[in-house]
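# A predicted structure for the sequence below; I have some questions about it.
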Protein chains: 2
Amino acid sequence: MKQVSEKVVSRLIIYRKYLKELLADGQKSIFSHKISAYTGASAAQVRRDLMNVGYNGTPVKGYNIKDLMTSISEFLEKENTIEVAIVGFGNLGKSIVDYCNGRNSRLSISAAFDTDPNKINRVIHGCHCYANTEMETIIKENKVEVAILAVPREDAQKVADKLVACGIKGILNYSPTRLQVPANIYVENRDMLMALEKVAYFANNVHGGKNK
Amino acid sequence: MKQVSEKVVSRLIIYRKYLKELLADGQKSIFSHKISAYTGASAAQVRRDLMNVGYNGTPVKGYNIKDLMTSISEFLEKENTIEVAIVGFGNLGKSIVDYCNGRNSRLSISAAFDTDPNKINRVIHGCHCYANTEMETIIKENKVEVAILAVPREDAQKVADKLVACGIKGILNYSPTRLQVPANIYVENRDMLMALEKVAYFANNVHGGKNK
DNA sequence: TCATGTGAAGACATTCACAGCA
DNA sequence: TGCTGTGAATGTCTTCACATGA
């Protein structure tokens, strides 16, 4: 499959979400400049990005929403469901599962891990919570490929090492630590304080309404 | 002040965090290639980014950690404390406040807003929760410049409109909606499902250990 | 006519490579 | 000696602009 940059993938995800809303709204087709207005990417950018997924629109009707959505989804997630686990089932962990589960039919957060005995073996938001000690068994049995890290800073690196050892290939890291992992593991960092610092900077140094 | 891109700002924030750890660790000085190894940016990139903040190192010692940290902070946050408010004080909102408050002396999340009577007028994690109806008063009185949005999708746009009307200049948006705001308002979107979708893609389409 | 798909140009970001310095 | 600071080169991303097609 064609090699695509992070930026393109991020935008495709945004487009898909918009298309989903349009579809729910009963619309049939859409033009690139409409997608542009909503997502902040330029119309030319939208068309270029869509070249990657190999779906063609027509000048008169633009893009068929349903077909385009299907094409983007096939491009992004292939055929099978991707299994996700979350480590750290506190306030943050729970809100992540609560929001994400059920919203993408090809992604399923089916296991949580925590050390708190009050959470272990309970099912919260459709997600079974296991003890951290069961991590290796559960991850391998369920072929979990992606993990979300929502543990305190001091535990993050240790847990990440363990996840990598279990064969995980991608980590969405909400812990405030930069993880040191092998180069073939994909890490997306979502430190909340850093995000806030960035917004604070641009709130005070206006930047001219850009997309990102 | 010099105009700087989002990427540079994001990296400066990462460097600063690393410097903070080094300082806590008792270190005095650091070389660009060390910062590089930790943060994932190349050494040349680190040096280029630091040109923006106007701090100079020396060939033999590298950068003085404390002075460099100060310079970066002055560059990022100017002199005064920036006031932040959070709207939506559920699981997610609480965990954001819990993690962020007290970790950057120039950023303070001092007000929360919610509609739940059980939360209103309580102080949680050092943050006073007000009714949504008090938003305008509180924001103007406290000169709040930045808001964090952690409300359900259906309320997000309405709340954002209100925040903009109150004079907010930047929004950190955890709600799963793309906000439509005037061009001079800076928005950073942190949709959690989209983040997960991105990780899932690159977990299956290896990308060669890149920074971002 | 009006939007798509896309070569080519342009803008932006990163890396190279080396002079200069302590 | 070995690092910084930085022009110049390279590489990547975005926009332009237009031929094409319904």
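Everything's here; your move. Since we're looking at a predicted model, the values are computed, not measured. Residues are numbered from 1 along each chain as shown, chains lettered A, B, ... in the order given.
# just for chain A, where's the confidence low?
Applying pLDDT under 70 to chain A flags residues A:1, A:207-212.
# so chain A: which segments form each domain?
A:6-74, A:82-194 (automatic domain parsing).
# so the longest one, near DNA strand C or not?
What it means is domain A:82-194. No: using C-beta under 7 Å from any atom of the strand, domain A:82-194 stays clear of DNA strand C, with a minimum separation of 13.4 Å. To be clear about C-beta, it is placed using only N, CA and C from the backbone, and glycine gets the same treatment.
# end-to-end on that domain?
End-to-end span of domain A:82-194 (C-alpha to C-alpha, to the nearest Å): 29 Å.
# how far does the longest helix seen in chain A sit from its chain's centre?
Identified as the longest helix of chain A according to DSSP state H is helix A:6-24. Offset of helix A:6-24 from its chain centre (C-alpha atoms, centre = their mean, to the nearest Å): 12 Å.
# also stretch A:104-115?
Worked out by C-alpha atoms, centre = their mean, stretch A:104-115 lies 12 Å from the chain centre.
# which positions in that stretch come out as buried?
For stretch A:104-115, burial by neighbour count (16 or more other C-beta atoms under 10 Å in any protein chain shown) applies to A:104, A:107-114.
# so which bits of chain A are right by DNA strand D?
By the rule C-beta under 7 Å from any atom of the strand, the part of chain A lying against DNA strand D is A:5-8, A:41-42, A:44-45, A:48, A:58-60.
# near chain B, which of these show up?
Among the residues of chain A next to DNA strand D, the residues within reach of chain B (C-beta under 8 Å from any C-beta of the partner chain) are residue A:6.
# bridging residues for the residue nearest to the spatial centre of chain A?
Closest to where the C-alpha atoms of chain A average out (C-alpha atoms, centre = their mean) is residue A:172, at 7.8 Å. Beta-bridge pairing of residue A:172 under DSSP bridges involves residue A:148, residue A:188.
# ok, it - contacts?
Contact analysis of residue A:172 by C-beta atoms under 8 Å, 6 or more residues apart in numbering or on different chains lists A:146-149, A:188, A:190, B:195-196, B:199.
# could you redo the last one with a cut-off of 7 Å?
Residue A:172 sits next to A:148-149, A:188, A:190, B:195-196, B:199 when contact means C-beta atoms under 7 Å, 6 or more residues apart in numbering or on different chains.
# deepest-packed of the domains of chain A, please.
Neighbour counts (mean count of other C-beta atoms under 10 Å in any protein chain shown) averaged over each of the domains of chain A peak at domain A:82-194, with a mean of 19.
# which residue of chain A sits farthest from its center?
Distance-from-mean max, chain A, by C-alpha atoms, centre = their mean: residue A:60 at 33.4 Å.
# the longest helix of chain A: what's the following helix or strand?
Next helix or strand after helix A:6-24 toward the C-terminus (DSSP states H and E): strand A:29-30.
# how about the following helix or strand past that next one, does it reach DNA strand C?
Next along the chain after strand A:29-30, taking DSSP H and E as the criterion, comes helix A:32-39. Yes: interface with DNA strand C: helix A:32-39 contributes A:32-33 (C-beta under 7 Å from any atom of the strand).
# check the offset of helix A:32-39 from the chain's centre.
Centroid separation for helix A:32-39 versus its chain: 22 Å, with C-alpha atoms, centre = their mean.
# can you tell me which helices and strands that helix packs against?
Where contact means 3 or more C-beta pairs under 7 Å, 6 or more residues apart in numbering or on different chains; DSSP states H and E, helix A:32-39 is packed against helix A:6-24, helix A:43-53.
# out of the ones you listed, flag the one nearest residue B:120.
Closest approach to residue B:120 among the helices and strands packed on helix A:32-39 (C-beta to C-beta): helix A:6-24, 31.9 Å.
# any chance of the domains of chain A in CSV, with distance to residue B:23 too?
Converted to CSV, the domains of chain A look like this (distance: least, C-beta to C-beta, whole Å):
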stretch, distance to residue B:23
domain A:6-74, 31
domain A:82-194, 16
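# nearest residue to residue A:47 in space, please, no chain neighbours.
Nearest non-adjacent residue to residue A:47, counting by C-beta to C-beta, 6 or more residues apart in numbering or on different chains: residue A:32, 5.0 Å away.
# list the contacts of the one you found.
Residue A:32 touches A:43, A:46-47, A:62, counting by C-beta under 7 Å, 6+ apart.
# mind doing that once more with 6 Å?
Residue A:32 makes contact with A:43, A:46-47 under the criterion C-beta atoms under 6 Å, 6 or more residues apart in numbering or on different chains.
# could you pick out which of those are near DNA strand C?
Restricting these to those adjacent to DNA strand C (criterion: C-beta under 7 Å from any atom of the strand) gives A:43, A:47.
# you'd agree residue A:108 is in a strand?
Yes: according to DSSP: H, G, I helix; E, B strand; the rest coil, residue A:108 belongs to a strand.
# can you map out the helices along chain A?
Counting by DSSP H, the helices of chain A are A:6-24, A:32-39, A:43-53, A:65-77, A:91-100, A:135-141, A:153-165, A:192-204.
# any idea how far residue A:50 is from residue A:2?
13 Å (C-beta to C-beta, to the nearest Å).
# what does residue A:152 give?
39 Å.
# cool, residue A:130 as well?
Counting by C-beta to C-beta, the gap from residue A:130 to residue A:2 is 38 Å.
# for residue A:129, same thing?
For residue A:129 relative to residue A:2 (C-beta to C-beta), the value is 39 Å.
# next one: residue A:90
According to C-beta to C-beta, residue A:90 and residue A:2 sit 39 Å apart.
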